[in-house]
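predicted structure and sequence below. I'll ask about it afterward.
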Amino acid sequence: MAVTLADAAELLREHHLLREIIAGDLWTLDARRLGERADQPFAAVTYDTRAIEPGTLLFCKGSFRASYLSGADERGLAAYVAETPYDDVTAAPGLIVNDVRRAMSLLAAAFYGNPQERLTLIGITGTKGKTTTAYFTQAILNAYSGGKAALFSSVCNCLDGRTYEPSDLTTPESLDALRMMHEAVGNGMRYLVMEVSSQAYKVERVYGLTFDVGAFLNISPDHISPIEHPTFEDYFHCKRQLVHHSRALVLDADCAHADLIREVAAADGVPVTTFALHDAAGTGDAETPADVTAAPAGPNGEADPFVVSHDGGTTPFARIHLAMQGEFNYANAAAAATLAHLAGVPWDDAAMTAVDAVTIPGRMERVVSSDGIVAYVDFAHNYLSVTALLDEMRRLYADRNPRITLVAGSTGGKALDRREGIATAADGRVDRAIFTTDDPDREDPRAIAEQMASYVHDPRTHVDVIVPRDEAVEAAVTGAREHADRFNVILLIGKGNETRNKIDGRPVHYDGDRTVVERAFAGARG
Ligand SMILES: CC(=O)N[C@H]1[C@@H](OP(=O)(O)OP(=O)(O)OC[C@H]2O[C@@H](n3ccc(=O)[nH]c3=O)[C@H](O)[C@@H]2O)O[C@H](CO)[C@@H](O)[C@@H]1O[C@H](C)C(=O)N[C@@H](C)C(=O)N[C@H](CCC(=O)O)C(=O)O
Ligand SMILES: Nc1ncnc2c1ncn2[C@@H]1O[C@H](COP(=O)(O)OP(=O)(O)OP(=O)(O)O)[C@@H](O)[C@H]1O
């Protein structure tokens, strides 16, 4: 925790990041020329000028503006790290670097005493299933270690094995991640399970980290937009960086482009353990072979537990019966068991069944009305996950010929590919699609909804655009009641447990899909 300007300069120099130090008229590579200032330990690190306190080292990143430095000297700015000098607005010395995000990750690790070295790090990437697999893995490791597993996820972070605080990003900024790792180590944590987004690699949030075990779950187009990834190729390339930075890899044998992922692992000498979801134990000639398999134990579908096996699916080690619905969650559970095993949990340890009790806010939450309408609040919001969700509805309810209503929007300004993906996945597979609001930000929510509607061509799917999200949910319930002769399923997707919509750059309160559908269920029947 005692990092000085001289230490920082040396670390940056070792990593070929330091261009020069600028302190007034002095431009140098030699921190000693700054005198005493070079040997004062920094008291704090931040990437936000609003958090400056005496002795702070500041990182100027992203869309940082010089005007943010107004008053920084008076508040005690000790030094800054940036890709461009700000010597016209601050008297504090600047460490000018090639890449401020890499510099921030390295220096934050040093400032917080390299907490990553004291944790078994588990990193999980994939287009869908990261959060669920992360929660499952944490549950197994917590059960095995007596509560010593921390978690960084897109829903919550947990730094003490039991307290869950809402998170902002899927993968935190490096500085925040290292601060939280430091706190987790202080709380006695031995493991950290974290989701690693493609964006995390794109903007160096995990620079310098090596994962003891990494998982690559699946890949399909998502997060393609001017502020995320320009192309699918870039998205997939960024995700694959996890393979380079893992000591062992867990891979879904059915993952698209699995061959390329194996090639990357082989080139780096990273051992790969595969998992797969199979149809039924012991059968399935057509199924992809895998080291670890999850398969239904018997013929009774929903009611029967799954069996997870290793040794190429020949040695059963756990029977699991998840509280969370969704067959895809058994694939996530197989991934979690494999990750936990590679992190040290014996295959036959009872901790492997800790996944059974896990529930995650906004993931496959089932709400049933008194008149028998079934609603799911779920976080599916791209082609892959909406397809998986509709496959699951067919698996659960095909024999009841359900009338399915889908309520979905799509975010503004980013992940633009989702609009077509969601609508295409639903086209012809749902009876009614209601397109609505989901974080339109600075775009017009009606225009987004109408764009989604334009991708539906199959006459079996009736399309409506209802912009206010609560009205869209209510219309789905009213419509279901108008078809009371059918078994109705309503899928409220993409918001999970979120209770706000980003509109015009600001969060605007929304009661949440679960609250709104419960209210509509309780209301007068049509
Ligand atoms: C592209 C990207 O990584 N953006 C993130 C990044 O933005 P940025 O560095 O440009 O920061 P900014 O908010 O524009 O501000 C610039 C800098 O000025 C500072 N500032 C600002 C005001 C001030 O008075 N003083 C000051 O110093 C800010 O603290 C910041 O460091 O750093 C910010 C925090 O410092 C993040 O909030 C922001 O994520 C935005 C909100 C975002 O939407 N990110 C998405 C694309 C994202 O990262 N998603 C992935 C994937 C999710 C998934 O897979 O589901 C994720 O990992 O979450
Ligand atoms: N293995 C899977 N394959 C396909 N779809 C899945 C899988 N696991 C979960 N899903 C679907 O994707 C949704 C999101 O799941 P989860 O939050 O675990 O994934 P994620 O990777 O964290 O998603 P995101 O990056 O969008 O936050 C779920 O609500 C479910 O509908």
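Here it is on my side, so go on. Residues are numbered from 1 along each chain as shown. Ligands and ions are numbered 1, 2, ... in the order given.

how about whichever residue of the stretch 1-150 of the chain sits closest to ligand 1, secondary structure?
Proximity of the stretch 1-150 of the chain to ligand 1 (CB to the nearest ligand atom) peaks at G62, 2.1 Å away. Any C-beta I mention is one placed from the backbone N, CA and C, and that applies to glycine too. Three-state call for G62 (DSSP: H, G, I helix; E, B strand; the rest coil): coil.

R32 touches A38, doesn't it?
Yes: if you go by CB atoms under 8 Å, R32 and A38 touch, sitting 6.0 Å apart.

which residues do the two both contact?
A6 (CB atoms under 8 Å, 6 or more residues apart in numbering).

who has more neighbours out of those two?
More neighbours surround A38 than the other of R32 and A38, with 20 against 10 (other CB atoms under 10 Å).

next one, pLDDT for the residue most central in space within the chain please.
Against the mean C-alpha coordinate of the chain, by CA atoms, centre = their mean, the closest residue is T170 at 3.9 Å. Here the pLDDT value assigned to T170 is 96.

mind listing the helices for the stretch 201-350 of the chain?
232-244, 258-268, 328-342 (DSSP state H, counting those that start in this stretch).

how about the stretch 401-526 of the chain?
Here the stretch 401-526 of the chain has its helices, by DSSP H, counting those that start in this stretch, at 417-426, 445-454, 469-482, 513-522.

comparing these, which comes out most buried?
Counting by mean count of other CB atoms under 10 Å, helix 417-426 has the highest mean neighbour count of the helices of the stretch 401-526 of the chain, with a mean of 23.

taking the mean pLDDT, what do you get for that helix?
96.

contacts for it next, please.
220-225, 381-384, 386-387, 390, 406, 408, 410-411, 433, 435, 448, 451-456, 461, 493-494.

and these, which are buried?
By neighbour count, with 16 or more other CB atoms under 10 Å, the contacts of helix 417-426 hold 220-225, 381-384, 386-387, 390, 406, 408, 410-411, 433, 435, 448, 451-453, 455-456, 461, 493-494 as buried.

got the angle for the one helix or strand R395 maps to vs helix 328-342?
Assigned by DSSP states H and E, R395 belongs to helix 383-397. Using axes from the mean of the first three to the mean of the last three CA atoms, to 10 degrees, the inter-axis angle of helix 383-397 relative to helix 328-342 is 110 degrees.

all further residue positions should be reported with the first residue as 531.
In the new numbering, first residue 531, that becomes helix 913-927.

could I get the CA-only coordinates of helix 913-927 as PDB?
In PDB, the C-alpha atoms belonging to helix 913-927 read as follows (Å, rounded to 0.1, in the frame of the first residue of the first chain):
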ATOM      1  CA  TYR A 913     -30.900 -14.000 -30.200                       C
ATOM      2  CA  LEU A 914     -29.100 -16.800 -28.300                       C
ATOM      3  CA  SER A 915     -30.900 -16.300 -25.000                       C
ATOM      4  CA  VAL A 916     -34.400 -15.700 -26.500                       C
ATOM      5  CA  THR A 917     -34.000 -18.900 -28.500                       C
ATOM      6  CA  ALA A 918     -32.900 -20.700 -25.400                       C
ATOM      7  CA  LEU A 919     -35.800 -19.400 -23.500                       C
ATOM      8  CA  LEU A 920     -38.300 -20.300 -26.200                       C
ATOM      9  CA  ASP A 921     -36.700 -23.800 -26.400                       C
ATOM     10  CA  GLU A 922     -37.300 -24.100 -22.700                       C
ATOM     11  CA  MET A 923     -41.000 -23.100 -23.000                       C
ATOM     12  CA  ARG A 924     -41.400 -25.800 -25.600                       C
ATOM     13  CA  ARG A 925     -39.700 -28.400 -23.400                       C
ATOM     14  CA  LEU A 926     -41.900 -27.500 -20.400                       C
ATOM     15  CA  TYR A 927     -45.200 -26.800 -22.000                       C
END
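
tell me which of the helices of the stretch 931-1056 of the chain sits nearest to ligand 2.
So among the helices of the stretch 931-1056 of the chain, helix 947-956 is nearest, using CB to the nearest ligand atom, at 9.4 Å.

show me how far that closest one is from its chain's centre.
20 Å (CA atoms, centre = their mean, to the nearest Å).

same question for stretch 682-696.
13 Å.

try stretch 994-1014
Distance, stretch centre to chain centre, for stretch 994-1014: 30 Å (CA atoms, centre = their mean).

got a list of contacts for it?
If you take CB under 8 Å, 6+ apart as the criterion, stretch 994-1014 is touched by 899, 901, 903, 905, 933, 935, 937, 939, 962-968, 975-976, 979-980, 983, 1018, 1020, 1022, 1025, 1031, 1040-1041, 1043, 1046-1047, 1050-1051, 1053, 1055-1056.

among the residues you listed, which lie within strands?
Among the contacts of stretch 994-1014, the members falling in strands (DSSP state E) are 905, 933, 935, 937, 962-965, 1018, 1020, 1022, 1031.

give me phi/psi at E550?
Main-chain dihedrals, E550, degrees, to the nearest 10: phi -170, psi 170.

that one - how many residues pack around it?
A count of nearby residues for E550, using other CB under 10 Å, gives 14.

ditto for L541
The number of residues near L541, taken as other CB under 10 Å, comes to 18.

which residues does it contact?
Taking CB under 8 Å, 6+ apart as the test, what L541 contacts is 636-637, 640.

what's it sitting at in phi/psi?
Dihedral pair for L541: phi -60, psi -40, per degrees, to the nearest 10.

next one: it relative to L651, how far apart?
L541 sits at a distance of 21 Å from L651 (criterion: CB to CB, to the nearest Å).

same check on L637?
Counting by CB to CB, the gap from L637 to L651 is 19 Å.

quick one: which of those two has more around it?
Legend: neighbour count by other CB under 10 Å for L637 and L651, higher for L637 (28 against 23).

ok, which of the helices of the stretch 931-1056 of the chain comes nearest ligand 1?
Ligand 1 lies closest, by CB to the nearest ligand atom, to one member of these: helix 947-956, at 10.9 Å.

which among the contacts of L541 gets closest to A581?
L637 (15.7 Å; CB to CB).

enumerate the residues of the stretch 781-930 of the chain near ligand 2.
Applying CB under 6 Å from any ligand atom, we find that the stretch 781-930 of the chain lies next to ligand 2 at 858, 861-862, 893, 908-910, 914-915, 918-919.

likewise for the chain?
Within the chain, the residues that sit near ligand 2 (CB under 6 Å from any ligand atom) are 656, 658-662, 684, 700, 725, 747-748, 858, 861-862, 893, 908-910, 914-915, 918-919.

hmm, which of those residues are the buried ones?
For the residues of the chain next to ligand 2, a burial check counting by 16+ other CB under 10 Å picks out 656, 658-662, 684, 700, 725, 747-748, 858, 861-862, 893, 908-910, 914-915, 918-919.

how about the stretch 831-980 of the chain: which residue is closest to ligand 1?
Closest to ligand 1 within the stretch 831-980 of the chain is K944: 5.7 Å, counting by CB to the nearest ligand atom.

who's in contact with stretch 543-553?
By CB under 8 Å, 6+ apart, stretch 543-553 touches 535, 539, 542, 557-559, 561, 564, 567, 615, 617, 623-629, 632-633, 636.

mind checking which of those are buried?
535, 539, 542, 561, 564, 615, 617, 623-627, 629, 632-633, 636.

can you map out the helices along the stretch 581-730 of the chain?
Applying DSSP H, counting those that start in this stretch to the stretch 581-730 of the chain gives helices spanning 630-641, 660-675, 704-716, 728-732.

just name the most buried of the ones you listed.
When the helices of the stretch 581-730 of the chain are scored by mean count of other CB under 10 Å, the highest mean neighbour count falls to helix 660-675 (a mean of 26).

output the below-cut-off pLDDT ranges for the stretch 781-930 of the chain.
Confidence mapping of the stretch 781-930 of the chain against pLDDT under 70 gives the ranges 810-816, 829-834.

for the stretch 581-730 of the chain, that is, sorry about that
Under the criterion pLDDT under 70, no range of the stretch 581-730 of the chain is flagged.
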